[in-house]
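In: Structural data only, the sequence is not supplied:
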């Protein structure tokens, strides 16, 4: 479909949506970049899915809007034992659940719902453990199954969590999307009805918006929940207009068919900044884009091969040509804005001749053949993976490495990379809690190197592992800082990734949008946002 047909088609759809929204209702349209995989955050790892779930659910603790500070959510307050092993949460009373055509709640949120959220991801005996998917990637990648000793109901509004060892980032981990709370009563009702999957397909939560309609690859419609415990949202209707193409998102924003868009094309930025009806918010992104080497597959089980590939790719040319002004070269797996960033580390220089020698020493004097996976979609950390893959392919050809570019539909791509089907593949990460552990352990620790984990390099290296595990258990930030700095040295020596770039987070939006706050985690949260009539 060409651009003008597409825009006409959308304009008609937008008018229809506005008409059904009711006269005088405030509607905000967000041009999202893709469809959520489902409406159960516990099995998702992509920002696209988290954004789709964000309006519906709450967690026990939350991050403050636009920041990394942990604030009360469904728990009004909490206490931590002196040894750091017992967390007691005092839950909010009078919190209402949404309802839908399948289910009308008979009670408010309570301790049973919080316990259900944990059991569902933790206990394979729970009837919901395998519903939708048994791959609770986040929960597992953070080592939660081994960390949790017990989750106990003290009374209707008090829950006690006991850990097997202290875990410095535990509270921040509880504010992440995977820890969203679902209704245990709804779960039981759907199980009795023989349709347990409806819990995740037709979700109800305690969040500021209720789900009205979802049409894959087209639209998600939400309505403000009048009984929301934090007070009704300022907008009445929230519409996600699913628009994978960045140029089409920009065209819709110009025409006023949407109010906020993510991930602009770097090439469109000049025009976007010149439009008097548009403002562009930006901040350093808490992210990294990388090329992961599957360290458990030949020839990438040899560090010399990984180093040779890293030396053969011209990183500066990639950043200048693809990121333009929106990225900075990455040398570490964590962004420079994060505490414990080791700036003393030297990046691998661009050195094709040195790369050839290293390949020959590793037993490949005539080069080798490999695959090179590239995402089919734009991500916060990578504006155009296909173009980057082509540049990498040309660089590698110069040292005798023949790389075949492969891609799949986004959900499929991630699933296959997590299963370790690739030899080399591009991916990236946006931090979820402001803690280095979220990058250095979640993405590169042995827990997540297992099948279906987020460690797509399948990197499990004991000297590194010991440092990142120890950093979880010490409470002083200075001690953790020193451990993470050492871990980054080992990361660079072992080269499980070719680190590409950290991208600036850019958010073009209509001047009509009031009080949108950029999330350091790259999320899109519309509670608290208003729109000029």
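Out: Received the coordinates, thanks. Since we're looking at a predicted model, the values are computed, not measured. Numbers count the residues shown, from 1 in each chain.
In: what are the ranges of the strands in the stretch 151-300 of the chain?
Out: For the stretch 151-300 of the chain, applying DSSP state E, counting those that start in this stretch gives strands covering 158-163, 209-215, 219-224, 237-241, 278-284, 287-293.
In: So for the third one, what gets flagged as buried?
Out: Taking 16 or more other CB atoms under 10 Å as the neighbour-count basis, strand 219-224 is seen to contain the buried residues 219, 220, 221, 222, 223, 224. For every residue, glycine as well, the C-beta is placed using N, CA and C.
In: Now flag whichever of these is closest to residue 522.
Out: Checking the buried residues of strand 219-224 against residue 522 with CB to CB, the nearest one is residue 220 at 18.3 Å.
In: Now that the closest one has come up, it's in contact with residue 210, right?
Out: No: counting by CB atoms under 8 Å, residue 220 does not reach residue 210; the two are 11.7 Å apart.
In: ok, and the residue nearest to residue 278 when sequence neighbours are not counted, which helix or strand is that part of?
Out: Nearest non-adjacent residue to residue 278, counting by CB to CB, 6 or more residues apart in numbering: residue 508, 5.4 Å away. Using DSSP states H and E, residue 508 falls within strand 497-510.
In: Now do that strand and strand 287-293, the angle between them.
Out: 150 degrees (axes from the mean of the first three to the mean of the last three CA atoms, to 10 degrees).
In: helices or strands up against strand 497-510?
Out: When contacts are defined as 3 or more CB pairs under 8 Å, 6 or more residues apart in numbering; DSSP states H and E, strand 497-510 packs onto helix 246-255, strand 278-284, strand 287-293, helix 303-312, helix 315-318, strand 327-329.
In: okay, these, which one's buried deepest?
Out: Most buried of the helices and strands packed on strand 497-510 by mean neighbour count (mean count of other CB atoms under 10 Å) is strand 287-293; its value is a mean of 27.
In: got the angle between it and helix 303-312?
Out: Going by the same axes, to 10 degrees, strand 287-293 makes 130 degrees with helix 303-312.
In: Note down every partner strand of strand 287-293 and its orientation.
Out: Next to strand 287-293 in the sheet, as set by DSSP bridges, lie strand 424-430 (antiparallel), strand 497-510 (antiparallel).
In: So in this protein, where's the weakest helix or strand by average pLDDT?
Out: One helix or strand of the chain scores below all others by mean pLDDT, DSSP states H and E: helix 3-21, with a mean of 43.
In: hang on, the earlier thing: following the strand holding residue 508, which helix or strand shows up next?
Out: Strand 497-510 is succeeded, C-terminally, by strand 513-514 (DSSP H and E).
In: Quick one: mean pLDDT for that next one?
Out: Here strand 513-514 scores 98 as its mean pLDDT.
In: Equivalent analysis for stretch 208-215, please.
Out: The average of the pLDDT scores along stretch 208-215 is 98.
In: Give me the buried positions along that stretch.
Out: Across stretch 208-215, burial judged by 16+ other CB under 10 Å covers 208, 209, 210, 211, 212, 214.
In: thinking again about what came up before, out of the buried residues of strand 219-224, who's nearest residue 360?
Out: Using CB to CB, the buried residues of strand 219-224 come closest to residue 360 at residue 220, 53.5 Å.
In: Please read off the pLDDT at that closest one from the model.
Out: If you check residue 220, the pLDDT there is 98.
In: bridging residues for the residue nearest to it when sequence neighbours are not counted?
Out: Nearest in space to residue 220, with sequence neighbours left out and distances taken as CB to CB, 6+ apart, is residue 240 at 4.1 Å. Note on residue 240: beta-bridge partners by DSSP bridges are residue 30, residue 220.
In: Can you report how many residues neighbour residue 240?
Out: By other CB atoms under 10 Å, 26 other residues sit near residue 240.
In: Who are the contact partners of residue 359?
Out: By CB atoms under 8 Å, 6 or more residues apart in numbering, the contact list for residue 359 reads 304, 305, 308, 365, 367, 368, 399, 400, 401.
In: Can you tell me the SS state at it?
Out: When classified by DSSP: H, G, I helix; E, B strand; the rest coil, residue 359 comes out as helix.
In: so what's residue 286 up against?
Out: By CB under 8 Å, 6+ apart, the residues touching residue 286 are 335, 337, 338, 430, 431, 434, 520, 521, 522.
In: what about 6 Å?
Out: Residues near residue 286 by CB atoms under 6 Å, 6 or more residues apart in numbering: 335, 431, 520.
In: Now do the helices in the stretch 101-250 of the chain.
Out: Secondary structure of the stretch 101-250 of the chain (DSSP state H, counting those that start in this stretch): helices at 111-122, 137-141, 144-147, 170-174, 184-192, 198-201, 246-255.
In: Pick the most buried one from those.
Out: Stretch with highest mean neighbour count among these: helix 137-141 (a mean of 22; mean count of other CB under 10 Å).
In: so how far is that helix off the chain centroid?
Out: Centroid separation for helix 137-141 versus its chain: 13 Å, with CA atoms, centre = their mean, to the nearest Å.
In: Against which helices or strands is it packed?
Out: Contacting helix 137-141 under the criterion 3 or more CB pairs under 6 Å, 6 or more residues apart in numbering; DSSP states H and E is no other helix or strand.
In: Could you number the chain from 15 rather than 1 from now on?
Out: I'll keep to 15 as the first residue from here, and by that count the last item is helix 151-155.
In: re the thing from before, rebuild the strands of the stretch 165-314 of the chain as JSON lines, extending it with distance to residue 452.
Out: Formatted as JSON lines, the strands of the stretch 165-314 of the chain follow (distance: least, CB to CB, whole Å):
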{"stretch": "strand 172-177", "distance to residue 452": "18"}
{"stretch": "strand 223-229", "distance to residue 452": "26"}
{"stretch": "strand 233-238", "distance to residue 452": "27"}
{"stretch": "strand 251-255", "distance to residue 452": "26"}
{"stretch": "strand 292-298", "distance to residue 452": "16"}
{"stretch": "strand 301-307", "distance to residue 452": "11"}
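In: on that earlier part again, can you say which of the strands paired with strand 301-307 is packed in most?
Out: Mean neighbour counts were compared across the strands paired with strand 301-307 using mean count of other CB under 10 Å; the top stretch is strand 438-444, at a mean of 26.
In: contacts for that strand?
Out: Applying CB under 6 Å, 6+ apart, the contact partners of strand 438-444 are 301-303, 305-307, 384, 386-389, 393-396, 399, 431, 457, 470, 535-536.
In: if I look at residue 364, how far off is residue 262?
Out: Separation of residue 364 from residue 262 (CB to CB, to the nearest Å): 35 Å.
In: Next: residue 125.
Out: From residue 125 to residue 262 the distance is 46 Å (CB to CB).
In: what do you get for residue 293?
Out: Separation of residue 293 from residue 262 (CB to CB): 20 Å.
In: what do you get for residue 449?
Out: For residue 449, the distance to residue 262 - CB to CB - is 36 Å.
In: again with residue 457
Out: 31 Å.
In: low pLDDT regions in this structure?
Out: Per-residue confidence for the chain (pLDDT under 70) gives these ranges: 15-37.
In: re the thing from before, now render the contacts of residue 300 as a markdown table, adding secondary structure.
Out: Shown next, in a markdown table, are the contacts of residue 300 (three-state DSSP):
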| residue | secondary structure |
| --- | --- |
| 349 | coil |
| 445 | coil |
| 534 | coil |
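In: what about residue 172, neighbour count?
Out: Residue 172: 16 surrounding residues under other CB under 10 Å.
In: List the contacts of it.
Out: residue 104.
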